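Asker: fold the following.
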Amino acid sequence: MPSPAEWHLNPNAHASVRLLRPLLQTMSYQLRMGLSHMFSTGQGIVMDRSYWSYYAILNILRDFGYVSQD
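Answerer: Numbers count the residues shown, from 1 in each chain. The predicted model follows:
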């Protein structure tokens, strides 16, 4: 997985997918654990970033041609 600094030096479609996929996997895991905690204890959760914000990043990458429509 390229670091964000490496991606900024040479942005391309393959590096974009390799960078974004682990971030989405980590965020979906955190969301599942947070919801599991919330539903089992009744307490709220605080997350540093919304899972859905990664879709905004993905849309921007798609608009600039770093990620295909597929």
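
Asker: tell me the buried residues in stretch 17-36?
Answerer: Leu19, Leu20, Met27 (16 or more other CB atoms under 10 Å). Backbone N, C-alpha and C define where each C-beta goes, glycine included.

Asker: for the host helix or strand of the last one, name the packing helices and strands.
Answerer: Per DSSP states H and E: Met27 is located in helix 13-41. Under the contact criterion of 3 or more CB pairs under 8 Å, 6 or more residues apart in numbering; DSSP states H and E, the helices and strands touching helix 13-41 comprise helix 4-9, helix 53-63.

Asker: quick one: contacts for the residue nearest the centre of the chain?
Answerer: Closest to where the C-alpha atoms of the chain average out (CA atoms, centre = their mean) is Leu24, at 3.4 Å. Shown in contact with Leu24 (CB atoms under 8 Å, 6 or more residues apart in numbering): Tyr54.

Asker: cool, the one 10 residues further on as well?
Answerer: Contacts here follow CB under 8 Å, 6+ apart; on that basis Gly34 touches Ile45, Met47.

Asker: mind redoing it with 10 Å?
Answerer: Contacts for Gly34 (CB atoms under 10 Å, 6 or more residues apart in numbering) come out as Gly44, Ile45, Val46, Met47, Tyr51.
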